[in-house]
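K.L.:
give me a model of this one.
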Amino acid sequence: MNFDLDQEHLDLAGGARDFLSGSASPAAARAALDEGAGVRPGRAELIKSGYATITIPESHGGGGGTVLQLAVVAEQAGRVLAGPSLVNFARAAVLLEGFPDRLAGLADGSLAVAVIDDASPVLDAIGSDTFLTLRDGTLVCGPGEVMARRPIDATRGLGDVTLGETTDLVRDARPLWRKAERVGRTILAAEGLGAAARLLEMGVEYAKERHTFGRPIGSYQAVKHMLVDVYVAVEQLRSLVWWAAWAADRAPGELPLASAAAKAAAATTLELAAETVIQVHGGIGYTWEHDAHLYWRRAKTDRFLLGDDVAAFDEVARLAMGEAAR
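P.N.:
The predicted structure follows:
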């Protein structure tokens, strides 16, 4: 049995990498943070590319694709700190599946949607005009007033939202909400995978180039072992992300455990990768001009989106023990 991506997915990854690396970059993320520039590639370009709307049915203007395909794109988005996140597109596609007009608006960009969880701030609230949330078990939708947060990672568009008048969409929507949250966690983890993998590349490249006492610093065990630990964590995360994405498409019974595991691992792996690469780079790794701190900022932000890693690990334990007791 082949547990790796097939050629179709690899081709999709290559195309997404070409598009995203041509429009987004750590330099653009730094400009958004330092100068208040808009995030790249931006909502309009993501929609125009078709990548953001992969999981929306073709009949409503989307790509009619799978969560796994969207996760493949999300990994490439994470590598270059692209914004806005694909998470809200993924969640909204699930939450609005019974509303063709709203799905069509999401697909053509006339509806800029963000999802409000219990905890604030809201991911990509900045630039959104329509908000979805769960209120007393009912899925509601409406406009809102956004107050921007002072950003740690400006590409995440964080803001506090005060909802205006809302419309009830789905009653008894908790199962639907949980499904959308788990799909969102999977895409968030895929973005974290891309960022962590890129950090690992940066660390290895520098360890080969930087010499001290006449030798590359990568030849010293202390540096080598740190990077190997990151490599192992990244590859473990990769397996969890593809499992969660596959489960979202093919095995919904496995999605709760898989998405919680991917969320928890992404939070810890990205933080480990960022802190390790800063350490490997020594003094320069702490400077504003170096890219490492931008990924560290992403790690610190993503750790608390859609629940923190502690809650996710707790969910993994409860689900795993529940299955073991059967």
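
K.L.:
which residues touch the residue nearest the centre of the chain?
P.N.:
Nearest residue to the geometric centre of the chain (Cα atoms, centre = their mean): residue 188, 2.5 Å. Residue 188 makes contact with 74, 85, 87, 263, 266, 302, 305-306, according to Cβ atoms under 8 Å, 6 or more residues apart in numbering. Where C-beta positions appear, they are placed from N, C-alpha and C, glycine not excepted.

K.L.:
filter the residues you listed down to the buried ones and hand me the ChimeraX line.
P.N.:
Written as a ChimeraX command, the selection of buried residues from the contacts of residue 188, which uses 16 or more other Cβ atoms under 10 Å, is:
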select :74,85,87,263,266,302,305,306
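
K.L.:
closest to residue 196 out of the contacts of residue 188?
P.N.:
Nearest to residue 196 among the contacts of residue 188, counting by Cβ to Cβ, is residue 266 at 7.7 Å.

K.L.:
in what helix or strand does that closest one lie?
P.N.:
In this structure, residue 266 is located in helix 255-280 according to DSSP states H and E.

K.L.:
what residues sit buried inside that helix?
P.N.:
Applying a neighbour-count criterion of 16+ other Cβ under 10 Å, the buried positions in helix 255-280 are 255-278, 280.

K.L.:
next: stretch 172-188.
P.N.:
Residues of stretch 172-188 classed as buried under the neighbour-count rule (16+ other Cβ under 10 Å) are 173, 176-177, 179-188.

K.L.:
hmm, who's touching the worst-scoring helix or strand of the chain on mean pLDDT?
P.N.:
Within the chain, judged by mean pLDDT, DSSP states H and E, the helix or strand with the poorest mean is strand 211-212; its value is a mean of 86. Among residues not part of strand 211-212, those counted as contacts by Cβ under 8 Å, 6+ apart are residue 217.

K.L.:
one more: stretch 279-291?
P.N.:
Counting contacts by Cβ under 8 Å, 6+ apart, the residues outside stretch 279-291 that touch it are 26, 30, 202-203, 206-207, 217, 223, 226-227, 277-278, 292-293.

K.L.:
in helices, which of these appear?
P.N.:
Residues of those located in helices (DSSP state H): 26, 30, 202-203, 206-207, 223, 226-227, 277-278, 292-293.

K.L.:
circling back: out of the contacts of residue 188, which is nearest to residue 321?
P.N.:
For the contacts of residue 188, the residue nearest residue 321 by Cβ to Cβ is residue 263; the value is 18.0 Å.

K.L.:
test for you: state the pLDDT assigned to the closest one.
P.N.:
Here, the pLDDT recorded for residue 263 equals 98.

K.L.:
if we can go back for a sec, JSON lines for the buried residues of stretch 172-188, including secondary structure and pLDDT?
P.N.:
Compiled in JSON lines, those are given as follows (DSSP: H, G, I helix; E, B strand; the rest coil; pLDDT from 0 to 100):
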{"residue": "173", "secondary structure": "coil", "pLDDT": "98"}
{"residue": "176", "secondary structure": "helix", "pLDDT": "98"}
{"residue": "177", "secondary structure": "helix", "pLDDT": "98"}
{"residue": "179", "secondary structure": "helix", "pLDDT": "98"}
{"residue": "180", "secondary structure": "helix", "pLDDT": "98"}
{"residue": "181", "secondary structure": "helix", "pLDDT": "98"}
{"residue": "182", "secondary structure": "helix", "pLDDT": "98"}
{"residue": "183", "secondary structure": "helix", "pLDDT": "98"}
{"residue": "184", "secondary structure": "helix", "pLDDT": "98"}
{"residue": "185", "secondary structure": "helix", "pLDDT": "98"}
{"residue": "186", "secondary structure": "helix", "pLDDT": "98"}
{"residue": "187", "secondary structure": "helix", "pLDDT": "98"}
{"residue": "188", "secondary structure": "helix", "pLDDT": "98"}
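
K.L.:
residue contacts, residue 42?
P.N.:
When contacts are counted by Cβ under 8 Å, 6+ apart, residue 42 is found next to 83-84.
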